[in-house]
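1. Predicted model, plus sequence, below.
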Amino acid sequence: MLPGHRSIKTALRTALWFMFLTLPFMVVRVNTLKGEVEWRWQNMLWVGLAVFLLAIVWDIALSNRHKRSDRKPSASQTLSRLSQRVFHDKTVYLPIIAGVFCLALLFPWLFNTYQVNIMVLALMFVVLGLGLNITVGLAGLLDLGYIAFFAVGAYTYALLNTKFGVGFWFSLPIGGIVGATFGILLGFPILRLRGDYLAIVTLGFGSIAKIVFENWEEVFNGAKGIAGIGRPGLFNIEMSLEATTTYIYYLMVALVMFAAFMTNRLKESRIGRAWLALREDEIACVTMGIDMARTKLSAYAFGAFWAGLVGVIFAARNTYINPNSFTFMESALVLSVVVLGGMGSIVGVMIAAMVLILLPEYLRAVAEYRMLVFGAVMVLMMIFRPQGLVSNVHRYYRKHSETDAAQKG
Amino acid sequence: MEYFLQLFSSGLTRGSIYALIALGYTMVYGIIQLINFAHGEIYMIGAFVALIVSGVLTIYGFSGASILVFAAVVAVIYAAAYGYTLERIAYRPLRGAPRLSPLISAIGMSIFLQNYVLLAQTPDFLPFPALIPEFEFIEPLAHIIGSAELVILTVSTISMIALTALIKYSRIGKAMRATQQDMHMARLVGIDVDRVISVTFVIGSVLAAIGGVLVGSYIGQINFYIGFMAGIKAFTAAVLGGIGNIPGAVLGGLVLGLSEAFAAGYISSAYEDVFAFGVLVLILILRPAGLLGRAVKQKV
Amino acid sequence: MKLLSHSAKLFITFLFAILALNSGCSQEEQPGAPQPAAQGEQATSESSRTADGGSGTTAKSARAESIIIGVAGPHTGDLAPYGIPTMEALEMLAVEVNNSGGLLGRPVTLLAMDDQCKPEIATNVATNLVSRGASIVIGHICSGATKAALGIYKEADVVAISPSATNPPLTMDGEYPNFFRTIAPDDKQGQLAAEFVTDTLGAKKIAILHDKGDYGKGFADYAQLAFEEAGQAEVVLYEGVTPGAMDYSAVIQKIRREGAEAVVFGGYHPEASKLVGQMKKKRLDIPFIGPDGIKGDGFLDIAGLNAEGVYATGPKDVSTFPLNQKIRQAYIDTYGKEPGTFFDQGVAAWQAALNAIQVAGTTEYAAVSKALKTSRVETTVGQIKFDQHGDAEGVGFSVYQVQNGVFVQVQ
């Protein structure tokens, strides 16, 4: 589609406007101490050019979006049809799953410890994303302090291990349960709150958790953090660093599969359907006789459970934790995983976590712009693809003959 | 007693800044029921523009009051422009979308703007020039209330009075009130709702920028991150007073500022943020409508 | 359908094979070269450096026997100013070493890696450095990140020399025999600040503030301990302030009410400059002393005129040493700017590391570690040697005061 005369004019105007907007930030750099001003006019040119092109694309995309809502077929719709088919057709998705599974199993033998270590981190974010996906994606409860449950899990294991010598495997479920308990505890007071208040309160809880970890020195060792946390053991066998990393990697792979399986089952279960209903319309949902308190609390509990679980592994992998690992930025990171992946979509969350964690790690140049990109992605996704990269696939209960015919055709 | 007065003036100063920012939150929320998460970033942008303009002017040999006035005016214009653009890009395309969408978009915008300033300018703190002069007449009281505090209190009071007058007596103020009551009906009687929303964002941004410039010259340093915490505190203030309620935002700001100052003065400043968040959580649980707000039943 | 899935499988296997081959090759042939993972910037500078030091042999064999030294610290983000000077200085020095025939006749390859001062990234960096065969690491910069990484180095028998991790237990608790540092630990600093406040300034009532961070609170705690042990002054206020809070006027009024005669502050320069600025505004005119986190240009720039008269402890002034002046000048010539924080300590760590390898005649852990503890070496921070804990003997702190816009050594 070629941009029309009018849209070029608008794009020009937009470009000029943004050149004005970015003038003091992109062009001027002032050093008051030395009394120097640096004028970077070339930046203004770049901004103008980039905005001009973006504005044209934006215009086309927006008009596409309108058309899509008019129920005319478009490129993105065929794309989502394709993805629907990919995830419904057994002959397509089973080999893909098998391939990914093989790749996951062989990974530590193909790459060095460092790569495996990075992958462990990415897998942790996959599970975190799956967990937050329950709260935000399925139940529609925006949680901006999610990382606090992760921190709770990490500190649970750190304290149990360093103070009482409790082992990793015993702590793992405890971390998850403690996380879930905190999820319920924090869920209670905010049952009545609607979307946006909820967001702010959870943000508050997240910050409070960090401040408590930071200030309550007697218990959490304050900003100094807790060091010397035990790595996961296997029948008291002493393992080298490399072996432990591989071990944790397989542990994470298993956990990811378990989490994906669980969330998938949950999604189709009675409670999962209740979450979806709650997300779509709270009042209608309650009218239909769904226990709102129980549904909401269970969403918090399940979400927090996974965070607590991963928190334990995080502490075990790092052997050292301090409050700085649990800031709002980490919460925002997990949230962008969920948003980019498509709220409610399991495959999408997995892909998004991989992209968002591995990309900055492998492309150092991107690392600096990471947060800028996250912010932009969140805005753009909401405007153009609120359903995420891979849109949510519901199980449809159609007549068999119909689907069979479609496949054979 | 003197100690009490000292804390009182410190709390009042802080509170009036919170109130200035909170007004922006509350006005926007009143009209489109959206937490403009990026509002704190507008405050930061206002402060940054003032810093850049005053720096350039100082280097090119201007001095005194002309810098203060010019820097403040440019800062306000830019903040307004950013506020307007923010609404156009991140919120307008999402009107009518599920409630979660504009909120996530707002959070994205907030992160984006922070990092934009970080990358385009600097991650370090920058010294903010002392634009507010030291007055002679207040010197005997300087240990209780200084000239900077006096200026902050005066300017924010004037701004709030101007805002009240604008909303009460001007045509656009009337349109804003109408839109707040019933957006659909307002559109039917011929009010350009989109324009009203834009104007609301612009006014909110102007107030935030005024706050930013005042804080900058009071504290003497800014960086890209100052908007985040200030924004959350101001939002707390808006909720405290009853979101959507303009006098409530002012009251909420002052109450929050004073209680923070007294908590720091009589208890400990280590838990300052916990205290603010604690107030927020308590208010939302016990009286979700806020101090001055009315509880509105949600109708279907 | 079947055909499609079959070809997809084939394709995936093919991809695998390529990846496997690739990683295998790069591991065998070029241990110094970046994996697909690695950092573009370093990749180029790295290869150019090896080329500089090219001793006529082919790239392959030269790389195979090069000594790999890791440089870890924050190189992006808001703490980058603490890590960049060390990294840049070492890049310059590595070229110099390679141009003059290398170390033990082998070229030196520098691997600079960014940990953003975050513990979880620091462990990634550490594993990366270990798996790429680093024999010694200069870093990390932040105490937290260092703590997280040390366990990994310990297991891999790699020596780490930090230019800046001042947290006392890192060396004192004996957990990490592979850790050394070229900066004095915080307890010495807090002690010195306390002594200075009571003995030189003669203050009897002290207010201690900190920023609740690892570093700031650590300093404050050691200062408090020193005051209590000496018993000459009373600590009337001990309180954490919140970094990034809008203002500190309430705390300042509290200091006044408690009648403190001096303020000891543990933390970094943004909070310190906010505090001194507001103390001046509130007409509270008592001495203010901070740790080396405020002794730098950042504080002078932001606090401006308010900085006048402020005291700070910091590493002993070493700028008059000829060796230091020489390398500092070389840095300025290379990069066109003044070196920043921890430059002296970073270069000293490098010199100590090189000397130890030279003396030991190998990069073996035990020999290098022994050489570090026994051999005295001339560095940018003076003549040093490490004690049995890993702390450098011969480095220490002094007290500085801001006079006419610069820090002047007063004790």
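-> It's in. Residues are numbered from 1 along each chain as shown, chains lettered A, B, ... in the order given.

2. Quick check: longest helix in chain B by residues?
-> helix B:2-32 (DSSP state H).

3. buried sites along the next helix or strand after that helix?
-> Per DSSP states H and E, helix B:2-32 leads on to helix B:39-59 as the next helix or strand towards the C-terminus. Within helix B:39-59, the residues scored as buried using 16 or more other CB atoms under 10 Å in any protein chain shown are B:39-58. Every residue, glycine included, has its C-beta placed from N, CA and C.

4. What angle do helix B:2-32 and helix B:39-59 make with each other?
-> Helix B:39-59 runs at 110 degrees relative to helix B:2-32, counting by axes from the mean of the first three to the mean of the last three CA atoms, to 10 degrees.

5. tell me the centre residue of chain A?
-> The residue lying closest to the centre of chain A (CA atoms, centre = their mean) is residue A:337, at 2.5 Å.

6. Please identify which helix or strand holds that one.
-> Residue A:337 belongs to helix A:328-341, assigned by DSSP H and E.

7. ditto for residue A:30
-> strand A:28-31.

8. What residues sit buried inside that strand?
-> Neighbour-count burial for strand A:28-31 [16+ other CB under 10 Å]: A:28, A:29, A:30.

9. and the helix or strand containing residue A:124 with chain B, contact?
-> Assigned by DSSP H and E, residue A:124 falls within helix A:113-132. No: judged by CB under 8 Å from any CB of the partner chain, helix A:113-132 stays clear of chain B, getting no closer than 12.3 Å.

10. Now do the helices in the stretch 1-150 of chain C.
-> C:2-29, C:40-52, C:59-64, C:80-99, C:119-131, C:143-155 (DSSP state H, counting those that start in this stretch).

11. near chain A too, which of the buried residues of helix B:39-59?
-> Among the buried residues of helix B:39-59, the ones lying near chain A by CB under 8 Å from any CB are B:48, B:49, B:51, B:52, B:53, B:55, B:56, B:58.

12. Now tabulate these in TSV and tack on distance to residue C:101 and pLDDT.
-> Listed next are these as TSV, based on distance: CB to CB, whole Å; pLDDT from 0 to 100:
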residue	distance to residue C:101	pLDDT
B:48	51	93
B:49	55	94
B:51	51	92
B:52	51	92
B:53	55	92
B:55	50	88
B:56	52	89
B:58	53	86
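
13. So which of those residues is the closest to residue C:247?
-> residue B:51 (17.5 Å; CB to CB).

14. mind showing which ranges of the chain have poor pLDDT?
-> Using chain A here. Applying pLDDT under 70 to chain A picks out residues A:1-3, A:66-91, A:194-195, A:234-239, A:364-365, A:388-409.

15. I was thinking of chain B, sorry if that wasn't clear
-> Where chain B drops to pLDDT under 70, the residues are B:295-300.

16. what does the stretch 151-300 of chain C put close to chain A?
-> So the stretch 151-300 of chain C meets chain A at C:151, C:152, C:155, C:156, C:167, C:175, C:212, C:213, C:214, C:217, C:218, C:240 (CB under 8 Å from any CB).

17. out of these, which are inside strands?
-> Using DSSP state E, residue C:240 are the members of those that sit in strands.

18. Including neighbour count, could the residues of the stretch 151-300 of chain C next to chain A go into JSON lines?
-> Converted to JSON lines, these look like this (neighbours: other CB atoms under 10 Å in any protein chain shown):
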{"residue": "C:151", "neighbour count": "22"}
{"residue": "C:152", "neighbour count": "27"}
{"residue": "C:155", "neighbour count": "17"}
{"residue": "C:156", "neighbour count": "22"}
{"residue": "C:167", "neighbour count": "21"}
{"residue": "C:175", "neighbour count": "15"}
{"residue": "C:212", "neighbour count": "26"}
{"residue": "C:213", "neighbour count": "26"}
{"residue": "C:214", "neighbour count": "23"}
{"residue": "C:217", "neighbour count": "21"}
{"residue": "C:218", "neighbour count": "26"}
{"residue": "C:240", "neighbour count": "26"}
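
19. Look up the residues forming beta bridges with residue C:408.
-> Beta-bridge partners of residue C:408, counted by DSSP bridges, are residue C:401.

20. Now for chain C, the helix or strand with the poorest mean pLDDT.
-> Taking mean pLDDT, DSSP states H and E as the measure, the helix or strand of chain C with the lowest value is helix C:40-52, at a mean of 36.

21. hang on, the earlier thing: which non-adjacent residue is nearest the residue nearest to the centre of chain A?
-> Among residues not flanking residue A:337 along the chain, residue A:129 sits closest, at 3.9 Å (CB to CB, 6 or more residues apart in numbering or on different chains).

22. Report the inter-axis angle for the helix holding residue A:124 versus helix A:328-341.
-> 80 degrees.

23. Which elements pack onto helix A:113-132?
-> helix A:90-110, helix A:241-268, helix A:292-318, helix A:328-341, helix A:346-362, helix C:119-131 (3 or more CB pairs under 8 Å, 6 or more residues apart in numbering or on different chains; DSSP states H and E).

24. roughly how far out does it sit from the chain middle?
-> Mean C-alpha position of helix A:113-132 versus that of the full chain (CA atoms, centre = their mean, to the nearest Å) differs by 11 Å.

25. Report the inter-axis angle for it versus helix A:90-110.
-> 140 degrees.

26. Just the CA coordinates for helix A:113-132, please, in PDB.
-> Only the C-alpha atoms of helix A:113-132 are listed here, as PDB (Å, rounded to 0.1, in the frame of the first residue of the first chain):
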ATOM      1  CA  THR A 113      29.000 -23.100  30.600                       C
ATOM      2  CA  TYR A 114      28.500 -19.400  30.000                       C
ATOM      3  CA  GLN A 115      25.800 -20.000  27.400                       C
ATOM      4  CA  VAL A 116      24.100 -22.500  29.600                       C
ATOM      5  CA  ASN A 117      24.200 -20.100  32.500                       C
ATOM      6  CA  ILE A 118      22.500 -17.400  30.400                       C
ATOM      7  CA  MET A 119      20.000 -19.900  29.200                       C
ATOM      8  CA  VAL A 120      19.200 -20.700  32.800                       C
ATOM      9  CA  LEU A 121      18.400 -17.100  33.500                       C
ATOM     10  CA  ALA A 122      16.200 -17.000  30.400                       C
ATOM     11  CA  LEU A 123      14.300 -20.100  31.500                       C
ATOM     12  CA  MET A 124      13.800 -18.500  34.900                       C
ATOM     13  CA  PHE A 125      12.100 -15.600  33.200                       C
ATOM     14  CA  VAL A 126      10.000 -18.000  31.200                       C
ATOM     15  CA  VAL A 127       8.700 -19.500  34.400                       C
ATOM     16  CA  LEU A 128       8.200 -16.000  35.900                       C
ATOM     17  CA  GLY A 129       6.400 -15.000  32.800                       C
ATOM     18  CA  LEU A 130       4.200 -18.000  32.900                       C
ATOM     19  CA  GLY A 131       3.400 -17.200  36.600                       C
ATOM     20  CA  LEU A 132       2.600 -13.600  36.000                       C
END
